[in-house]
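Enquirer: how would this look folded up:
(one chain, ligands or ions: 2)
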Amino acid sequence: VNPELDLVAEIKKLKKEKNAVILGHYYITGDLQDISDHLGDSLGLARAAADTDAEVIVFLGVHFMGETAKILNPHKKVIIPDLKASCSLAESAPADAFAAFKAQHPDHIVLSYINCTADIKALSDVIVTSSNAVQIVESFPKDQKIIFAPDKNLGNYINNLTGREMVLWDGACIVHEQYSLEKILDLKEEHPDAEFIAHPECERPLLMAADFVGSTTALLRYVEQNNKCNKFIVATESGILHQMQKNAPSKTLIPAPSVDATCGCNDCAFMKLNTMEKLYNALKFEQPEILLTDEQIALSKKPIEKMLEISN
Ligand code: 13P
Ligand code: SF4
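Expert: Ligands and ions are numbered 1, 2, ... in the order given. Purely as a prediction, here's the structure:
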């Protein structure tokens, strides 16, 4: 890319020319968040993808989110700036191993967290996100046998909250598993006026120590609307701090420390593969494109639509 180019201006121009819409997740960098037409969590962005009239959807997030957009609006061209933007949760569940796991539990229904591939969605009865997982689990009778995949931490959190005994697939998020409880407790001692808030992808001991647990949107809302507390230790991907600070400029936000202070683990390396330059190229050349077969779309659409139906 020519270094003289004003990338933001060029992207805006290309967007108009191509009738494209940019959907951005809260975990991308601040400059990309600011250029997004819709900024949201995975549930909000799935809804935005389903509703858009634009011809081209550019998804600034990770691969499974682009797939979800394609599944919900298959006649649109869906592009993502970097096909390598995966997710450790999606990677933890290969379709054939999961199909075998499912076959071992024939009397169970399958609820899958949206952080999974289209092929896992196709093997699921209902998809959930961190915003609606508890509500969707509770919509089934108490004695309904359930497999929950692929995030064992979110599954465990829901089991503890609802008293269920869902069978859990053994997957986890590499970012949310890195926080150090010991360092967080030290920080709390240093800042007794701070509340500790966490995403349910974190491990159980951390969630037990949290003052509030919620999805990205719930965490944003909690900080924004909290009149009693002005300081928060935040255990979720650091990209969210940009929007949190914008929404609540008077609040002090402290990123929760990871076990290894030098690893930059608070950043999701997959989300951070999105850059302004790659966005420009993706829009200009309309690739890389998310491509799914008609069969993949038909099979994976049902459980996502079921989620949208149940979720309020
Ligand atoms: P949300 O469902 O809160 O957007 O989270 C997505 C994600 O990837 C969390 O790590
Ligand atoms: Fe996946 Fe974790 Fe990155 Fe979210 S933060 S996209 S769950 S690896």
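Enquirer: and stretch 163-175, how far apart are its ends?
Expert: 27 Å (Cα to Cα, to the nearest Å).
Enquirer: What mean pLDDT does stretch 258-278 get?
Expert: Stretch 258-278 comes out with an average pLDDT of 87.
Enquirer: Count the residues that sit near whatever residue of the stretch 1-150 of the chain ends up closest to ligand 2.
Expert: Of all residues in the stretch 1-150 of the chain, the one sitting closest to ligand 2 is Cys87 (3.1 Å; Cβ to the nearest ligand atom). C-beta here means a position set from N, CA and C on the backbone, and glycine is covered the same way. Per other Cβ atoms under 10 Å, the neighbour tally for Cys87 reads 23.
Enquirer: For it, which non-adjacent residue is closest in space?
Expert: If you skip the residues right next to it in sequence, Cys87 has Val62 as its closest partner in space, 4.8 Å away by Cβ to Cβ, 6 or more residues apart in numbering.
Enquirer: again, but for Gln287
Expert: Closest residue to Gln287 apart from its sequence neighbours, by Cβ to Cβ, 6+ apart: Ile79 at 6.1 Å.
Enquirer: Kindly state the beta-bridge partners for that neighbour.
Expert: The partner list for Ile79 in beta bridges (DSSP bridges) reads Val58, Glu289.
Enquirer: Residue numbers of this structure in contact with ligand 1?
Expert: The chain comes close to ligand 1 at residues 41-42, 115, 129-130, 173, 201, 215-216, as judged by Cβ under 6 Å from any ligand atom.
Enquirer: Out of those residues, which are close to ligand 2?
Expert: Checking the residues of the chain next to ligand 1 against ligand 2 (Cβ under 6 Å from any ligand atom), the matches are 115, 173, 201.
Enquirer: Could you pull out the strands in this structure for me?
Expert: Ranges of strands in the chain, per DSSP state E, are 20-25, 38-40, 56-60, 77-79, 109-113, 126-128, 146-149, 167-168, 194-198, 212-213, 231-235, 252-255.
Enquirer: Please name the strands paired to the second one in the sheet, noting orientation.
Expert: It refers to strand 38-40. Checking strand 38-40 against DSSP bridges gives partners strand 20-25 (parallel).
Enquirer: Measure how the partner strand sits relative to strand 56-60, angle-wise.
Expert: Orientation check (axes from the mean of the first three to the mean of the last three Cα atoms, to 10 degrees): strand 20-25 against strand 56-60 gives 20 degrees.
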